[in-house]
Structure formats: structure tokens, C-alpha cells
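K.L.:
Can you look at this prediction? I've put the sequence above it.
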Amino acid sequence: MSFAPKNNIFSILKNSKPGQTVRALGWVRTKREIKNVQFIALNDGSTLSNLQVVLDPAGFDMELLKKINTGAAIEVEGVIEESQGQGQQMDLKAEKIKLLGEADPEEYPIQPKRHSMEFLRELGHLRPRTNTFSAIFRLRHQLAMAIHRYFDQKGFYYLHSPVITGSDAEGAGEMFRVTTLNPINPPKNEDGDVDFKEDFFGKETNLTVSGQLEAEIAALALSKVYTFGPTFRAENSNTTRHLAEFWMIEPEMAFFDLEDDMDLAEEMLQFVLKEVLHHSSEDLAFLAKRFDDEQKQKPQNERSPWTLIERIKFVIENKFIRVPYDEAFQILRNSKPNKKKRFEYPVENWGMDFQSEHEKYLVEKHFKSPVIIYNYPKDIKAFYMRENEDGKTVAAMDILFPSIGEIVGGSQREERHDVLLEKIRKNNIPEKDVWWYLETRKFGTVPHSGFGLGFERLMVFLTGMGNIRDVIPFPRAPKLAEY
Ligand code: ATP
Ligand code: MN
């Protein structure tokens, strides 16, 4: 076509004045005809709002106009006019239209109506074209950028930890094996076992469950680092809170104790949520409306006590209440639902791990604030967490959010070589696999701390989506790896 600037729809809607010639490219959301005028809602994903294209069919080829249907891609050049209709400020009065890509209306599955999330999950290649998913993916970007901004401002270095790992010591979950051996006829050693010496790396390798151990190495040189990358867990957990592939943010700081760790996590979560609330108000308002409509469908006792925006502000505006495990345990044991046997998992014995029903009770009913539980019984936590003086607990902390429960898990790390070595032996972790980790405690060891934040868990909280599979572009879960 011609030489009008090729701006995206976000900037056309934001910056153009009546009389200006512009060129817009995008996908047709709807087309209507009223009194011999056609209205096309055009969207290019740069904003939730559509650009309304207005055209007089008399000036265009009939065959071309017939092909402009929901899902088709077009290029339009024309003049900006003040809109006569309601719902938008301006229209684009079309002068030239080019069809870039057709979409057969008989076949195109996304209609201008509300589809169920289950239906759209089967259409991972097309669901980004809906209002809901384009809003989610724009928010995902904003949230990721806010996280990078936060750490950058705080003097952290972004560390790229490996996706393929030669250590399975972390013990955070079941792992996916990485191999180039032929599964039908793998090489065997003298004992008849698979001979991984013949494998690509000459040893067993897996997809990482966490970048923490590598981040610790870096923190013991650069002082403050964070990772932000994909992590993998092969657990067969078909829940609305678990993915087999998810993104994790793992800051790791030398010279930080557990309290510094909690301060950082709290400040960071409040910062990033505030940023997104500020930068993405249009997308959030759309999802807030969606959340509201969804709550109305639910029985009274299952409805959220907050609107989506209230729920976000609840975290931004409240100080996170910090309670030792001991105290949280007493509160739960003496709670009404526990006494009336309304918890699925009764709270009886010190040392038990809390379930999400307990976490929700503490956050929503008892404290009415985000909660950080710290100093957990050592038997339910990982080997690398620093043992406290009492000999029973470790310097661990979990951050609990309303509706979703655990969002962050962190700890001060065990920096004493002898204590760590004993823990490694007790946990039957082969020393030959973690010799490098142990050496960091031999040469210039210092107190240090860190935590892991599940990016998609935070996205679920931010967007109000009911299922974690709907906040990642291409979810990976048991029996689910299409695309
Ligand atoms: P959970 O008990 O909820 O399964 P976890 O204690 O196993 O989680 P950690 O190993 O502490 O999880 O991981 C740190 C963070 O990563 C968690 O706080 C959570 O936000 C997130 N996370 C853990 N597992 C998953 C998963 N399968 N899918 C998405 N996010 C996850
Ligand atoms: Mn955890």
C-alpha cells in the first residue's frame, strides 16, 4: 500500500488526531453492517482495545469484503475521525484495504463470544487472539519486566543457571531425564544396568528443578544474584497450582540472614505488584471484571471475599505478618475448624507440614494479612537449610498469599562445612555429586540466604485465573505437551 506510518493500534488510539492518515494492521475480531456501513473491530495485540474501522462498501471490491471475517488479517489505510458511535473515541475511515490472510468463517473456531477455558486450552495456537489471553500475556511481560527492574535497581546480577543439570541433589521433586541413548537398546555395563558413561554427557543428566545451588556459587562471588528461568518437575500432580514446566525467580544473597531474606521478598513482591497495577490498569480492569463475573457463578461460601484489585491491594498495603512455625502450629491446633474437625488434614503433631487449607486459614481468617511462616521443623525441609540453635528447626521461611497459599519458599543456607557435610550424609546424597557445593563452604564461606518465587503462582494471583495452565503460553502438565 502506501507510505502512511505503520503504527501499532495502541499508539494509533493513544496519539492520533482527527484528520490524520494512518495505516493499521491486525486481525479482525468482528464485522457488522448497519445501514450500509460496515464496522470492523481490528486488534493487533498491542492493547485490549480494538480499533474501529468504518467503511462504505460501495467503494470496495465485493469479493474482498466477503473475505473480511473474524480471524482474517488485514491492512487498512485511512483517515482518523471522531467516532459517531459509543464505546470508542475515534474511528478509522478506510480508504484502502488489503487482505493479508483469510480465515474461513466455517472453520475458524474462535467466535466473538465467551468460550470456556477448557475449550480454549485445546486451542493453544489460537487462544492468544482472545481478549483474556492477550491480556494475560501482556501482563506476564509486564510482571517479568518489573521483576528485572526491581533486582537491577537493587544491585543484583541476572544469572543464567543451566537448564540441564548433572546434580539431582536439590531434592525439590521428581526429575526429567535428559539422554541421547536409544531407549530400545541402551548400552549396558557389567552389572547389566544402563551405562550412562556412554551417554552424551558421560553421566546421568536431568532437567533442573531449581537454579539455587548454582545461584549460591555465584552469590559467593558476586554477592547478589538472581536467576529467572524455566524449572521442571516430573511429579504427577494434576492440580490447578502445579505445572511440569514453570518459571522460577531465585535471588541469592551473600551476607543476608533469614530476616534480610524476608525483608527482601516482602519488598520485592509489593514492588512488582504495584508496578503492574500502575502500568497495566486496562488489562487488569478487564480481568477484574472477568473475575467478578466468575465469582457470581459460584455458591456463596466459595466466593472470594475480595475483588481482584482489592486482593492485589491487600498484599501491597498490608505488612506481611511473620510467625514462627511453632506459633502457627499452636494457632492451627487450637482453631475452630480444627476442633470441629473441619480440616481434611487434622493439626495434631508438631512437625507436620501445613496444607493449603491451613495456609488459607492463617492468611484469610486468623491474621487477615499475608503471612510469612519461619523456623520450620528440620525434617520437613531441604538439607541445605541452616540449622537453628534449638537443633529441631531450620532457618526456612514460606510466604503465604490469600487464595493461593505458598508463593515463596526460602531459607538461610547452611554455611558451616561440618554441619552441611553431616546433613548430606544423613540424606544419603553421594558426596561425589556435591563436592563443588561443599567446597564453597571450605573456601571463604559466609552466611547467605535466598528464596524461590514461582512466577506462574504470582501470575495466578495477579490475574485471578482459576488454573495455572491459563497463565503460561504453552502449559506442560501430565499428558499435556501439544505445540
Ligand atoms: P508446593 O508445596 O506448592 O508443591 P514446593 O514447596 O514443592 O511447592 P518449592 O520447591 O519450594 O515448591 O519451589 C519454590 C516455589 O516454586 C513455590 O513456592 C511455588 O511458588 C513454585 N512452585 C513449586 N512447584 C511448582 C509447580 N509444580 N508449578 C508451578 N509452580 C511451582
Ligand atoms: Mn516450598
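P.N.:
All right, it came through fine. Ligands and ions are numbered 1, 2, ... in the order given.
K.L.:
Could you list the buried residues of the longest strand that the chain contains?
P.N.:
In the chain, taking DSSP state E as the definition, the longest strand is strand 21-34. Across strand 21-34, burial judged by 16 or more other CB atoms under 10 Å covers 22, 23, 24, 25, 26, 27, 28, 29, 31. All C-beta atoms are positioned from the backbone trio N, CA, C, and that covers glycine.
K.L.:
again with stretch 86-103
P.N.:
90, 91, 92, 93, 94, 95, 97, 99, 103.
K.L.:
for ligand 1, what are the nearby residues on the chain?
P.N.:
172, 233, 242-243, 246, 248, 406-409, 452, 454, 456-457 (CB under 6 Å from any ligand atom).
K.L.:
Next step: those restricted to strands.
P.N.:
246, 248, 406, 407, 408, 409, 452, 454.
K.L.:
sorry, back to before: packing partners of the longest strand of the chain?
P.N.:
Applying 3 or more CB pairs under 8 Å, 6 or more residues apart in numbering; DSSP states H and E, we find strand 21-34 packed against helix 9-15, strand 37-43, strand 51-55, strand 73-82, strand 90-101.
K.L.:
and among these, the most buried is which?
P.N.:
Ranked by mean neighbour count, the helices and strands packed on strand 21-34 are led by strand 51-55 with a mean of 22 (mean count of other CB atoms under 10 Å).
K.L.:
all helices for this structure, in order.
P.N.:
9-15, 62-66, 117-121, 131-153, 212-222, 258-279, 281-297, 308-317, 325-333, 336-339, 356-360, 417-426, 435-439, 455-463 (DSSP state H).
K.L.:
Next, the angle helix 281-297 makes with the last one.
P.N.:
Translated: helix 455-463. Counting by axes from the mean of the first three to the mean of the last three CA atoms, to 10 degrees, helix 455-463 lies at 80 degrees to helix 281-297.
K.L.:
and residue 112, backbone torsions?
P.N.:
Main-chain torsions, residue 112, degrees, to the nearest 10: phi -70, psi 70.
K.L.:
residues contacting it?
P.N.:
29, 30, 70 (CB atoms under 8 Å, 6 or more residues apart in numbering).
K.L.:
Against residue 128, how distant is the last one?
P.N.:
By that I understand residue 70. 15 Å (CB to CB, to the nearest Å).
K.L.:
neighbour-wise, which of those two wins?
P.N.:
residue 70 (18 against 15; other CB atoms under 10 Å).
K.L.:
Contacts only, for that one.
P.N.:
Counted by CB under 8 Å, 6+ apart, residue 70 has contacts 28, 29, 30, 31, 103, 105, 108, 110, 111, 112.
K.L.:
Per-residue pLDDT of it, please?
P.N.:
pLDDT for residue 70: 96.
K.L.:
go on, residue 2?
P.N.:
So, for residue 2, pLDDT stands at 61.
K.L.:
where in the stretch 101-250 of the chain is pLDDT low?
P.N.:
168-172 (pLDDT under 70).
K.L.:
hmm, try it at 90
P.N.:
Scanning the stretch 101-250 of the chain for pLDDT under 90 picks out the ranges 111-114, 166-174, 235-238.
K.L.:
From residue 226, how far out is the residue nearest to residue 207 when sequence neighbours are not counted?
P.N.:
Leaving aside its sequence neighbours, residue 207 sits nearest to residue 232 (CB to CB, 6 or more residues apart in numbering; 3.9 Å). For residue 232, the distance to residue 226 (CB to CB) stands at 19 Å.
K.L.:
ditto for residue 184
P.N.:
Using CB to CB, residue 184 is found at 42 Å from residue 226.
K.L.:
Bridged to the residue nearest to residue 29 when sequence neighbours are not counted, which residues?
P.N.:
Counting by CB to CB, 6+ apart, residue 41 is the residue found nearest to residue 29 once chain neighbours are left out, at 4.2 Å. For residue 41, the beta-bridge partners are residue 30, residue 52 (DSSP bridges).
K.L.:
got the contact list for residue 41?
P.N.:
Contacts for residue 41 (CB under 8 Å, 6+ apart) come out as 28, 29, 30, 31, 50, 51, 52, 53.
K.L.:
so which of those comes closest to residue 380?
P.N.:
residue 29 (50.2 Å; CB to CB).
K.L.:
show me what contacts that closest one?
P.N.:
Counting by CB under 8 Å, 6+ apart, residue 29 makes contact with 41, 42, 43, 50, 70, 112.
K.L.:
ok, now how distant is the first one from residue 468?
P.N.:
Using CB to CB, we find residue 41 at a distance of 30 Å from residue 468.
K.L.:
The second one now?
P.N.:
To residue 468, residue 42 is 32 Å away according to CB to CB.
K.L.:
Next: residue 17.
P.N.:
Counting by CB to CB, the gap from residue 17 to residue 468 is 43 Å.
K.L.:
The two: which has the busier surroundings?
P.N.:
residue 468 (21 against 8).
K.L.:
for stretch 451-468, which positions count as buried?
P.N.:
For stretch 451-468, the neighbour count (16+ other CB under 10 Å) marks 451-465, 468 as buried.
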